[in-house]
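In: when you get a sec, could you give me coordinates for this:
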Amino acid sequence: MNTRVVLHVEDDQNDVFFLQHAFQQAGIFNPIEHARDGQQAIDYLAGAGKFADRGQYPLPALILLDLKLPRKSGLEVLQWLRDASDLPTLPVIVFSSSSLREDIDRAYHLGANSYIVKPASVEERIELARLIKGFWLGFNVPPTTERAEMPLKA
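Out: Numbers count the residues shown, from 1 in each chain. This is a model prediction of the structure:
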């Protein structure tokens, strides 16, 4: 069993379904955990409340983060993750319907590793899932999951 968990932060159940379908079609069998709003994503990542059991709710190796979320926006989640969490280097792909330049620039400024506008077609979503499988869940080596002061080499 592949233990590299993906946290999908998405409030639209249709988008959750389409991502699951694309992952299945691309042969991605990594566990996918879902958070339906920004606050639930923060709670999951912080191990707060019901998410305290890391056996049941393991830390993800990758986050797919929508921007337009209830309670806290994806940008607020990203800012919390980079500034206030113990997971400041966790890879985040912003996966949004927004193609607004200000959203894209703000996401990168806050530390997004990638910004993808959700593809319209099922075929494009499957191709995107294959790319995620190959790079982010295949070749990419994720950072450790805890904040540590890393010495700088001269």
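In: mind pulling up the pLDDT for the residue nearest to the spatial centre of the chain?
Out: Closest residue to the average C-alpha location of the chain: I63 at 1.4 Å, with CA atoms, centre = their mean. pLDDT, I63: 96.
In: same check on the one 10 residues further on?
Out: At S73 the predicted local confidence, pLDDT, stands at 97.
In: repeat for N140
Out: Model confidence at N140, given as pLDDT, is 76.
In: okay, now R54: neighbour count?
Out: By the measure other CB atoms under 10 Å, the count of residues near R54 is 10. Yep, even glycine has a C-beta here, placed from its N, CA and C like the rest.
In: that one touches G47, doesn't it?
Out: Yes - the pair R54 / G47 is scored as a contact, 6.5 Å apart, by CB atoms under 8 Å.
In: give me the element the residue nearest to the centre of the chain is part of.
Out: strand 62-65 (DSSP states H and E).
In: can you tell me the element the nearest residue to I104 once chain neighbours are set aside falls in?
Out: Residue nearest to I104 in three dimensions, not counting chain neighbours: Y115, with 5.1 Å by CB to CB, 6 or more residues apart in numbering. For Y115, the host element (DSSP H and E) is strand 114-117.
In: ok, A112 next?
Out: Per DSSP H and E, there is no helix or strand for A112.
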